[in-house]
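Asker: Using only what follows, build the 3D model:
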Amino acid sequence: MASSTFPTPYADKQTSTLVVSKTWSVPWYIWWGALAVTSASIGGAWDVSWHRSIGRDTFWTPAHMAIYACGVLAAIICGYLMLANTFGRSSSSLRAASVNVLGFRAPLGAFIAAWGGIAMITSAPFDNWWHAAYGLDVKIVSPPHTLLILGIRGVGVGVLFLILAAMNRCAVEGSQPNEHTFKTLQRLLLYIGGLFVTGQMFFLIEYTWDVQLHSASAYIAMGIGLPVVFAMLSQASRYKWAATSAAMVYMFFAIAEILILPLFPAQPKLGPVFYPVTHMVPAKFPVLIFAPALALDLLWQRTRSWKPWMVALASGFLFMAVLFLVEWPFASFLLSKASENRFFGTIYFDYNSRPDGYDRLRLFFNPDQGTVLFGGLLRAAIYGSIGTWIGLSFGRWMRSVQR
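Answerer: Sure thing, here's the model as predicted:
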C-alpha cells in the first residue's frame, strides 16, 4: 500500500497501515459527533449566561437541553457503532478499524465518547440533587459540574479520535480522491480541537476573569492548560498552523457570544439583584491566546531538527513570554473606559454583581508584581514546557491511531 502523498509538514516516516477501501468519504457518525460537541459548547456558554442573567430557575432550560443533547447523541452514535460491529453486518473496513473492549467491537473513539456520554447523563440528576440540597452554586466548578465537564471532554476526545483514526486511514491510502477527504477531516479535527481549547478556557474561567489577569495565577493556569493541547493538535493534525487555528476557533466562539447573546431579553428570577439585567449577559472578552499560539506554530516549523526536550523547553518559555506581553497591557485596556462597548463587552455584569465589587469597579483583584509575579511566570513557563513535551509525545502517537 502506498504511503501518504499529501503535502503535510508532519508526515510520518513510518506508519502502520490498515487495509481499507480505496474510495473515501467522511463517515456519517463523524459529522454527528461534531454536531454533538458543538451542541455542548453552545449549551455550556448559554447556560453560564443563563445563570448570570436569570439564575437557575429550573433544570429544564433550553441551555441544559443543548448540553445534554451532546450526551444523548454520543450515546446513540456509540451504541450504534458497538452494536453494528459486534452483532450486525457492518462493512469490512469499519470492522477492521475497530477494537475489542469487553466483548464489544467499535472504533476506540466510540468507547471514549460513550464513557463521556454516560458521565454527562449521570451528572444531570446529580446536579439537580445538588441544587436541591445546597442551593445555588458558589463556583462554576462544583462536583456535578466537574462530572459534566469531564463527560463533555470525554465525548470531545472520543470524537477527536474518531476523526483522527479516519484521517490516518485516509492518509495511508494516498490516492487523489482521498486528499480532499483528508483535508476535510483535518479541518474537522482542528475545529473540534478549537472547541477543546474553548473547553479548557471555560474550565479556567475562575482564574482568567478579566479582573484577575494581572495575577500570576491566571498565567500559571493557562501555562498548565494550553500548551499541551496546542502541541498535541499540531502533531496529530499534521497542519503547520494547527495551534493558531484552534486558538482562533476559541476567539471567534467567544466574540460571537458577546455579539449575539445580549440581543435576547432576560430578567433575574432569583435574588438578591444588585444590577438591573435586561438582556442575556455574555462571557468576558477572550484572552488573546492566538498570539502565543502563532508564536508556537512558527517555532515548531523552524525546530523540526531539534531534540524534543529542547523544543518543549523553548515552547514553554516562548508561550508564556508572548502571552504575558500581549495580555498584560490588553487586560489594562479591558478595565478602561475605552473598552466599554458592545464588541469588548465590558458593559455587561451579572445580576448579583455588587456595586463595590472588583468587577463593577473595574479594578484588578489582588494584582501581583515584582518577585512574586516573576516567580509565578517562571513556574508557568516551566509548566508550559512540561505540557508541551507531553503534548508533542502524545500527538506523535496519535498519528499512528487507525482504529
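Asker: Report the separation between residue 296 and residue 221.
Answerer: Taking C-beta to C-beta, to the nearest Å as the criterion, residue 296 is separated from residue 221 by 18 Å. Every residue, glycine included, has its C-beta placed from N, CA and C.
Asker: One more: residue 98?
Answerer: In this structure, residue 98 and residue 221 are separated by 38 Å, where distance is defined by C-beta to C-beta.
Asker: what's the answer for residue 301, then?
Answerer: Going from residue 301 to residue 221 by C-beta to C-beta gives 27 Å.
Asker: Which of these two has more residues huddled nearby?
Answerer: Neighbours per residue, other C-beta atoms under 10 Å: of residue 301 and residue 221, the larger number sits with residue 221, 22 against 12.
Asker: any idea what sits nearest the more buried one, other than its immediate chain neighbours?
Answerer: If you skip the residues right next to it in sequence, residue 221 has residue 207 as its closest partner in space, 4.0 Å away by C-beta to C-beta, 6 or more residues apart in numbering.
Asker: Now do stretch 299-312: everything it contacts.
Answerer: With C-beta atoms under 8 Å, 6 or more residues apart in numbering as the test, stretch 299-312 has contacts from 9, 231, 234, 240, 243, 314-315, 318, 385-386, 388-389, 392-393.
Asker: now, which of those residues lie within helices?
Answerer: Counting by DSSP state H, the contacts of stretch 299-312 place 231, 234, 243, 314, 315, 318, 385, 386, 388, 389, 392, 393 in helices.
Asker: and of those, the nearest to residue 63?
Answerer: When the ones in helices among the contacts of stretch 299-312 are compared for distance to residue 63, the smallest value, 29.7 Å, is given by residue 243; criterion: C-beta to C-beta.
Asker: Run through the residues that contact that closest one.
Answerer: 230, 231, 233, 234, 293, 294, 296, 297, 300.
Asker: Of those residues, which is the nearest to residue 259?
Answerer: Of all the contacts of residue 243, the one with the least separation from residue 259 (C-beta to C-beta) is residue 293, at 22.2 Å.
Asker: so that closest one makes contact with residue 251?
Answerer: No: Residue 293 is not in contact with residue 251 according to C-beta atoms under 8 Å; the separation is 9.7 Å.
Asker: Looking at the two now, which is surrounded by more residues?
Answerer: residue 293 (30 against 20).
Asker: Pull out the buried positions in the helix or strand harbouring the more buried one.
Answerer: Following DSSP states H and E, the helix or strand that holds residue 293 is helix 290-302. By 16 or more other C-beta atoms under 10 Å, the buried positions in helix 290-302 come out as 290, 291, 292, 293, 294, 295, 296, 297, 299, 300.
Asker: Skipping adjacent residues, who's closest to the fifth one in space?
Answerer: It stands for residue 294. In space, residue 294 comes closest to residue 244 once its chain neighbours are excluded; the distance is 4.7 Å by C-beta to C-beta, 6+ apart.
Asker: tell me the SS of residue 105?
Answerer: Following DSSP: H, G, I helix; E, B strand; the rest coil, we place residue 105 in the strand state.
Asker: Who is it paired with across the strands?
Answerer: When bridges are assigned using DSSP bridges, the partners listed for residue 105 are residue 100.
Asker: Perfect, I'm done here.
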